[in-house]
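Undergrad: Got a predicted model here, sequence first, then my questions.
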Amino acid sequence: MRISYRPLWVILAEREMTKKELREKSGISTASLAKLGKGENLTTDVLLKICETLNCNINEIVETVSNENEEKKEKAEEEKQNINRH
């Protein structure tokens with residue numbers, strides 16, 4: 001099992017907010033944003049800053065997934081979102 005930030009990307013897409021805007025409004029570092037993009041672990045402090053900015057709970061921006069199948073699903077979703085933004 002691992003943590004996925006797919007729900008966060010969905011929220012950003014729904015609100016038409018870019019990752020850069022999220023970083024600026026929440027005050028998180030570019031390193032933390034990069035970790036989010038790679039699906040790496042973050043401190044709860046960073047997650048709480050994001051939640052405060054988006055006015056949501058942690059369970060609305062992260063989910064636990066099985067490693068193999070979800071990586072494929074997550075990449076497909078990110079590609080779809082990138083296509084929809086352009």
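TA: Okay, I see it.
Undergrad: For the rest of this, base every contact and every neighbour count on C-alpha atoms.
TA: OK.
Undergrad: From Val10, how far out is the nearest residue to Thr64 once chain neighbours are set aside?
TA: Take Thr64 and drop its neighbours on the chain: the residue closest to it by C-alpha to C-alpha, 6 or more residues apart in numbering is Ile3, 4.6 Å away. Applying C-alpha to C-alpha, to the nearest Å, the value for Ile3 to Val10 is 15 Å.
Undergrad: Met1 now?
TA: For Met1, the distance to Val10 - C-alpha to C-alpha - is 21 Å.
Undergrad: ok, the two, which is more surrounded?
TA: Val10 (16 against 10; other C-alpha atoms under 10 Å).
Undergrad: Restrict stretch 60-67 to CA atoms and write it as CSV.
TA: Output of stretch 60-67 as CSV, limited to C-alpha atoms (Å, rounded to 0.1, in the frame of the first residue of the first chain):
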residue,chain,number,x,y,z
GLU,A,60,-10.1,14.6,0.7
ILE,A,61,-6.6,15.1,-0.8
VAL,A,62,-4.9,11.7,-0.2
GLU,A,63,-5.9,8.0,-0.6
THR,A,64,-4.2,4.7,0.0
VAL,A,65,-3.8,2.5,-3.0
SER,A,66,-2.2,-0.8,-4.0
ASN,A,67,1.1,-0.2,-5.7
